[in-house]
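Student: Any chance you could fold what I've pasted below:
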Amino acid sequence: MVTGGVATGAAARGGVVTGQPAGSGEVHTGGRAATGASPASSGAVPGESGPPTPITLAKALNLGLHAAMAADPKVIVMGEDVGTLGGVFRVTDGLQREFGEARVIDTPLAESAIIGTAIGLAMRGYRPVCEIQFDGFVYPAFDQIVSQLAKLHYRSAGRIRLPVTIRIPFGGGIGAVEHHSESPEAYFCHTAGLKVVACSNPHDAHHMIQQAIHSDDPVIFLEPKRRYWEKAVVDQRPLADLASDTADTAGGADGLHRSVVVRAGSDATLVGYGPTVRTCLDAADVSATDDDRSLEVIDLRSLSPLDLGPVLDSVRRTGRLVVVHEAPSNVSVSAEVAARVTEEAFYSLEAPVLRVTGFDTPYPPARLEDHYLPDVDRILDAVDRSFAF
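Tutor: Next up, the predicted model:
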């Protein structure tokens, strides 16, 4: 079953590349100014002259992995086709040539074995970074992740630490076949002992992957595959404090488990993560032009633990909240956000918390995914409904 799925993934590589969204260019970065980020986040690298060059999210991850491996010889990258091929999405391209086959390991087509081996390596002092080729291929490894990886630190009364990072390209929008467009984050967020994060832009991807690898806890690292080709300027300066999970660090980076306001606004709040942050920003642009509404956009970044401080602050000002993600709505991250905001900011709400999500069905065939995925129109419809209360 796994072998067949991976073979399908290889056959879909052409579709993955041609599935690049038309006109996918730089992502919005202006929202950083609203959070008080340092001007150093402009992307300049010490010792270089001239304007910084935007890079893709995939390249930002590649450079982050390279930096982590160069800084710590115990960091090992492992997965299907990560070495010679450089990964289906070429995120690990060139790492095996740089660090050798002993540190960038092409594994058998067996996700359970990949995670089981990583657990053993972590117990012996290594920091494995495992790549799951596609989100839908993670399920054969699910038992290892939730029954072993998430439990051993607790079960050993803190004596065993498992610094394992599991990279999972997730979400739809690339015109792929079955099992290649899942959004499995809720499974892992529900599991005590796992940290779950999702990057949405190249700058965050570059720093968050290094922070995740440095963490002594297992981290599920979700990468929005339909945003791999989008570009932005990345500050590649080394992070001063990789050990900090929540505090902001030097190099223009936020703590791994901090939510970030990426666009300031005053009329309503949009919350997303991973691939839907860009969609929320596009919706805010349209709303400002067509409806003269000022929508604040927040990138959760961390799904477990959740940092709802910026969300609560925003809702107390705007009185309205719409949460957006690609996963189905039932028992989802948006359900948790809605429940906690209602508990803690009920008297600030002018309308119920609304959600724009995927539907409670299996992910559809590629020709129908545009109807399934949250888009600008569905988000703005939710904003209109919020104002109608």
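
Student: average pLDDT for stretch 213-224?
Tutor: Mean pLDDT, computed over stretch 213-224, is 97.

Student: May I have that stretch exported as CSV, CA atoms only?
Tutor: Extracted in CSV, the C-alpha atoms of stretch 213-224 (Å, rounded to 0.1, in the frame of the first residue of the first chain):
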residue,chain,number,x,y,z
ILE,A,213,15.1,21.0,14.8
HIS,A,214,16.7,22.6,17.9
SER,A,215,13.7,21.8,20.0
ASP,A,216,14.1,18.9,22.4
ASP,A,217,10.4,17.9,21.8
PRO,A,218,9.0,16.1,18.8
VAL,A,219,7.7,18.6,16.2
ILE,A,220,5.2,18.0,13.4
PHE,A,221,6.4,20.6,10.8
LEU,A,222,3.7,21.4,8.3
GLU,A,223,4.7,22.9,4.9
PRO,A,224,2.0,24.4,2.6
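
Student: residue ranges of the strands in the stretch 51-200 of the chain, please?
Tutor: In the stretch 51-200 of the chain, the strands defined using DSSP state E, counting those that start in this stretch lie at 55-56, 75-79, 104-106, 127-131, 165-170, 195-198.

Student: Of those, which is nearest residue 227?
Tutor: Closest approach to residue 227 among these (CB to CB): strand 55-56, 8.9 Å. No exception for glycine: its C-beta is placed from N, CA and C like everyone else's.

Student: Any chance you could list what contacts the closest one?
Tutor: 63, 202, 228-234 (CB atoms under 8 Å, 6 or more residues apart in numbering).

Student: Give me the below-cutoff pLDDT ranges for the stretch 151-300 of the chain.
Tutor: 241, 243-244, 249-252 (pLDDT under 70).

Student: contacting residues for residue 220?
Tutor: So residue 220 contacts 145, 166, 168, 185, 188, 194-197 (CB under 8 Å, 6+ apart).

Student: related to what we said a few turns ago, could the strands of the stretch 51-200 of the chain go into CSV alongside distance to residue 330 and mean neighbour count?
Tutor: Shown next, in CSV, are the strands of the stretch 51-200 of the chain (distance: least, CB to CB, whole Å; neighbours: other CB atoms under 10 Å):
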stretch, distance to residue 330, mean neighbour count
strand 55-56, 33, 20
strand 75-79, 31, 23
strand 104-106, 38, 19
strand 127-131, 28, 26
strand 165-170, 18, 27
strand 195-198, 18, 26
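
Student: Let's have these in CSV, adding distance to residue 360.
Tutor: Formatted as CSV, these follow (distance: least, CB to CB, whole Å):
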stretch, distance to residue 360
strand 55-56, 33
strand 75-79, 31
strand 104-106, 37
strand 127-131, 29
strand 165-170, 18
strand 195-198, 21
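
Student: Out of these, which is closest to residue 137?
Tutor: That would be strand 165-170 among those, by CB to CB, at 8.8 Å.

Student: Check the contacts of residue 220 against residue 386 and report the nearest one.
Tutor: Of all the contacts of residue 220, residue 386 sits closest to residue 185, with 24.4 Å by CB to CB.

Student: what about residue 257, distance to residue 286?
Tutor: 31 Å (CB to CB, to the nearest Å).
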